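1. Here is the input, now give the coordinates:
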Amino acid sequence: MKNQNKRFTIPVFFLLTAFVSISLVGAAKAPELTFDHNYTYKEVVAYLNGVAKAYPNITKLHTIGKSYLGKDLLVLEVTNHAAGKPLEKPGYWIDGNLHSSEVMGAAVCLKTIGTLVKQYGKDPFITKLVDTRTVYIMPKLNPDGSDHYLTKPDGMRSSVRPHDADRDGLLDEDPSEDLNGDGNLTMMRVKDEMGPMKISPDDPRLMVRRKEDEKGEWIVYSEGIDNDNDGRFNEDGVGGLDINRNWPAQWKQEWIQRGSGQYPLSEPETRGVVEFLHSHRNVTGLINHHMSGNFVYRPPNNRHFNPITGEEEDMAPEDEAIYQVFGNKYQEILNKQPVRKVLGRGAPPRSGAIWGVMIGWAYDHYGVFSWVPEMGSLAPFCDYDKNGRASELERLRWNDEEMGGKIFVDWKPYDHPQLGKVEIGGFVRKLYNPKFKSYTSLMCYPSPAYDDFLVKHTKWNLYLVSMSPSVRIVSVETTPGDAGYFKITAKIQNQGFLPTNVTQQAVRNRTAKTVKATLTLTGAKIVMGKKRVDLGHLPGHTVRSSSPVNTVEWMVKATGRKAPTAVIKAVSEKGGTDTKKLTLR
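-> Numbering: from 1, shown residues only. Prediction:
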């Protein structure tokens, strides 16, 4: 045989990608967002449409269903279309505003979008990410609830679908009311010597719990009327069904898990997301942004349920180790904020048990690493003693010294139709902005601290996107022989961090697809080897070592006079598709 070798190596791909990237940059600019308020659904729709129009080469806007009230459920896809089909690249899912009042999630999603489109072609890390990955971002998973929170004085948690929150057979019959018409829903206090509260010795505007041997001074209610005359105030407001209890993983009925809905995926929002993700199996991870307390949740490593057998089992040690790596990175970027596990599940009346949550489904069933950043607290704004918390006294100081008295309503008398003489006042959680005709959560108050928070969460998001598996054909060698024979040798490697199965849970579920190498010939036939070779699951790079290189060989014979051509593909559902084309000479 002749000693003539032709070698095609991976740098060609990166040179081509770099050329394509540069050619797409510059003509249009994305609409600018300034994070000076929380954006309503209408504003977000305008922004997403503007981005899709300004950057058609790297974005595409999907409608994945309709909300309960008929709003489009929108997902922005970000990837360089010229560098490969979106579904043939490792994908990642990022969403926000599943819970109505947790509006910071939408802000982080919008910040992530802006970073990707504006830094593409400028920042090498962002450019490579957009060229080689596909990011799916849904800023408003629950647009109905989000708009209710942002345009009305009351707070709410989840869907606006009428719901029997107090289990009395009626729907939404006892909401809060803005009795004094100041645009805020605060608290009512009633004089009562048996009451559990007394005036704080530190500031007369505050109340604290009395000790058992002390005389009481006040009973406290949320502002409103007892509409159903059951002795409770505002216990059944608008909605009450919790979209984050409606996912299939360990879903329980309402009598066990309040707010779970009639059946798993009964809500159009949850169903739309699951159907989209099942039609986009390239997704390798999921971030479901929430807003409470500055930490990050991950699924538990105990009381884990095998979705096939229904039996409890421990999380696979390989998955536990990767959760540790990603959690450590979160703490590194987010000022050592803690990593917590979703509370263990158990039979009622187990305290704190929760079922049917999104990240549980994403890991247990869909088979990817999933996270809930619980973002936001008032500490960055008014933690004067630097202990990591914002006490009521510190919030009052912030109110008095920096906020012009806007976040605390002084107690004023009011004649209540049921309680008689009361006083209405207390802290507010969101501020109405007449310029935008909407409310902004105090934890999203415009400031350098808030901007820094958005930047750091975006950085962690994009770090996780970059850690996906990435299957590449690192080289192809052809060795011509006599009588039209050729030996083709391809070397294939997972150059990403995660294995191509992503999680061991996906292997347990039997949903993880193995990597395939295929050879397609024109003007030749295979005489040794299979057209499609199963390479199994390929491990990823670790801190200590590179992933192994897999070698695939074929012997082929030319069948015509023209030089044969060959197309080699490495196909991984989660790690992408890489293709090499060559002429055999």
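2. For Leu33, grab the count of nearby residues.
-> Neighbour count of Leu33, defined by other CB atoms under 10 Å: 17. Glycine gets a C-beta too; all of them are placed from N, C-alpha and C.
3. With Arg585 instead?
-> Arg585 has 10 nearby residues by other CB under 10 Å.
4. quick one: it and Ser475, what's the gap?
-> 17 Å (CB to CB, to the nearest Å).
5. for Val357, same thing?
-> Val357 sits 44 Å away from Ser475, taking CB to CB as the criterion.
6. neighbour count winner among these two?
-> For Val357 versus Ser475, the count of surrounding residues by other CB under 10 Å is larger for Val357: 27 against 17.
7. does that one really touch Trp251, like I thought?
-> No - using CB atoms under 8 Å, Val357 makes no contact with Trp251, being 9.5 Å away.
8. Overlap of the contact sets of these two?
-> Arg245 (CB atoms under 8 Å, 6 or more residues apart in numbering).
9. and Lys525, what pLDDT?
-> Note for Lys525: predicted pLDDT of 97.
10. bridging residues for it?
-> Taking DSSP bridges, one obtains Lys557 as the residues bridged to Lys525.
11. That one and Val556 touch, don't they?
-> Yes - look at Lys525 against Val556 with CB under 8 Å: they come within range, at 6.5 Å.
12. Which one of these two is surrounded by more residues?
-> Val556 (23 against 10).
13. To what extent is Gly405 buried, counted in neighbours?
-> Residues near Gly405, counting by other CB under 10 Å, number 11.
14. State the phi and psi torsions of it.
-> phi 70, psi 20 (degrees, to the nearest 10).
15. State the distance from the nearest residue to it once chain neighbours are set aside to Arg205.
-> Leaving aside its sequence neighbours, Gly405 sits nearest to Asn399 (CB to CB, 6 or more residues apart in numbering; 5.9 Å). Applying CB to CB, the value for Asn399 to Arg205 is 9 Å.
16. Show me the strands in the stretch 201-350 of the chain, by range?
-> 207-209, 218-222, 283-288, 295-298, 304-305, 312-313, 339-341 (DSSP state E, counting those that start in this stretch).
17. List the buried residues for the helix or strand hosting Asn550?
-> According to DSSP states H and E, Asn550 maps onto strand 549-558. Neighbour-count burial for strand 549-558, counted by 16 or more other CB atoms under 10 Å, picks out Asn550, Val552, Trp554, Val556, Lys557, Ala558.
18. Can you report how many residues neighbour the spatially closest residue to the fourth one that is not a sequence neighbour?
-> Counting by CB to CB, 6+ apart, the nearest residue to Val556 once its immediate chain neighbours are dropped is Ala524, at 4.7 Å. Under the neighbour criterion other CB under 10 Å, Ala524 is assigned a count of 23.
19. what's near enough to touch Ala524?
-> Gly484, Phe486, Val556, Lys557, Ala558, Thr559, Pro564, Ala566, Leu584.
20. which two from those end up farthest apart in space?
-> Gly484 and Ala566 (13.5 Å; CB to CB).
21. what sits up against stretch 225-236?
-> Counting by CB under 8 Å, 6+ apart, 164-166, 168, 170-177, 179, 188, 221-224, 416-418 sit against stretch 225-236.
22. change it to 6 Å
-> Outside of stretch 225-236, the residues that reach it under the criterion CB atoms under 6 Å, 6 or more residues apart in numbering are Ala165, Asp166, Glu173, Asp174, Ser176, Glu177, Tyr221, Ser222, Gly224, Gln418.
23. Stretch 319-333 now?
-> Counting by CB under 6 Å, 6+ apart, Val296, Arg298, Asn301, Val339, Lys456, Lys459, Trp460, Tyr463, Thr503, Gln504 sit against stretch 319-333.
24. residues of the longest helix seen in the chain that come out buried?
-> Secondary structure of the chain per DSSP state H: the longest helix is helix 448-466. Of all the residues in helix 448-466, those buried under the rule 16+ other CB under 10 Å are 450, 453-454, 456-458, 460-466.
25. Save the residues you listed as a markdown table, and put in distance to Pro143 and pLDDT too.
-> Formatted as a markdown table, those follow (distance: CB to CB, whole Å; pLDDT from 0 to 100):
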| residue | distance to Pro143 | pLDDT |
| --- | --- | --- |
| Tyr450 | 22 | 94 |
| Phe453 | 23 | 92 |
| Leu454 | 20 | 96 |
| Lys456 | 26 | 96 |
| His457 | 21 | 96 |
| Thr458 | 22 | 98 |
| Trp460 | 25 | 97 |
| Asn461 | 21 | 98 |
| Leu462 | 25 | 98 |
| Tyr463 | 28 | 98 |
| Leu464 | 25 | 98 |
| Val465 | 24 | 98 |
| Ser466 | 29 | 98 |
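26. For His37, state which of these is nearest.
-> Tyr450 (11.1 Å).
27. nearest spatial neighbour of that closest one, skipping sequence neighbours?
-> Cys444 (6.1 Å).
28. Tell me, how many residues neighbour that neighbour?
-> That count, for Cys444 with other CB under 10 Å as the rule, works out to 23.
29. Ramachandran coordinates for it?
-> Phi and psi for Cys444, reported as degrees, to the nearest 10, are phi -110, psi 20.
30. so it touches Glu102, yeah?
-> No - the criterion here is CB atoms under 6 Å, and Cys444 misses it with Glu102 at 10.2 Å.
31. So which residues of the stretch 351-500 of the chain form helices?
-> For the stretch 351-500 of the chain, the helices defined by DSSP state H, counting those that start in this stretch occupy 358-364, 379-382, 392-401, 448-466.
32. Using PDB, write out every CA atom in stretch 90-105.
-> Provided in PDB are the C-alpha atoms of stretch 90-105 (Å, rounded to 0.1, in the frame of the first residue of the first chain):
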ATOM      1  CA  PRO A  90     -25.600  21.200  23.200                       C
ATOM      2  CA  GLY A  91     -28.500  23.200  24.500                       C
ATOM      3  CA  TYR A  92     -29.300  24.800  27.900                       C
ATOM      4  CA  TRP A  93     -32.600  26.000  29.400                       C
ATOM      5  CA  ILE A  94     -32.900  29.200  31.500                       C
ATOM      6  CA  ASP A  95     -36.200  30.600  32.800                       C
ATOM      7  CA  GLY A  96     -37.600  33.100  35.200                       C
ATOM      8  CA  ASN A  97     -40.800  34.400  36.800                       C
ATOM      9  CA  LEU A  98     -42.400  31.000  37.400                       C
ATOM     10  CA  HIS A  99     -43.700  32.500  40.600                       C
ATOM     11  CA  SER A 100     -45.600  35.700  40.100                       C
ATOM     12  CA  SER A 101     -43.800  38.000  42.600                       C
ATOM     13  CA  GLU A 102     -40.300  36.600  42.000                       C
ATOM     14  CA  VAL A 103     -39.700  39.100  39.200                       C
ATOM     15  CA  MET A 104     -35.900  39.100  39.600                       C
ATOM     16  CA  GLY A 105     -35.800  35.900  37.600                       C
END
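33. Please consider this matter closed, and thank you.
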